[in-house]
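A.B. asks: Here's a sequence, model it:
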Amino acid sequence: MPKIYEYFGLIFIIRTDDHNPIHVHIQYAETESKVVIDYIGGKLADVIFRKVKGRKQLPAHKQSEAKAFIKKYHKEITEKWIQLFVKKMKPKFEKITKKV
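C.D. replies: This next block holds a predicted model:
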């Protein structure tokens, strides 16, 4: 379960036993959300938050931070997903310290 990003307390993870569509799990303190990155025609169409069974969902203010981050880094997140599931490579972890 590679951790791919850390951004101001938000931890972005790709679970190795996951499946399509492209998504990440985001943890913050005792909360977690699954976030689907939806593309239409190769362009980012939406960022969809879903509940994770047995976990509290990210607080609203952290969801908005996470959404802004994903909108900026969606191509990089998608490449890390492809590295893990298609190329069978471990994606690089990055800690982002500048606000998006």
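
A.B. asks: which residues in this structure form strands?
C.D. replies: 3-7, 10-13, 23-28, 31-40, 43-51, 94-96 (DSSP state E).

A.B. asks: Deepest in the core, which of these is it.
C.D. replies: strand 23-28 (a mean of 21; mean count of other C-beta atoms under 10 Å). In this view, the C-beta of every residue, glycine as well, is placed from N, C-alpha and C.

A.B. asks: Taking strand 31-40 as reference, get the angle to it.
C.D. replies: Computed with axes from the mean of the first three to the mean of the last three C-alpha atoms, to 10 degrees, the direction of strand 23-28 lies at 150 degrees from that of strand 31-40.

A.B. asks: Which elements pack onto strand 23-28?
C.D. replies: Applying 3 or more C-beta pairs under 8 Å, 6 or more residues apart in numbering; DSSP states H and E, one finds that strand 23-28 makes contact with strand 10-13, strand 31-40, helix 60-85.

A.B. asks: which secondary structure elements does the last one contact?
C.D. replies: In other words, helix 60-85. strand 3-7, strand 10-13, strand 23-28, strand 31-40, strand 43-51.
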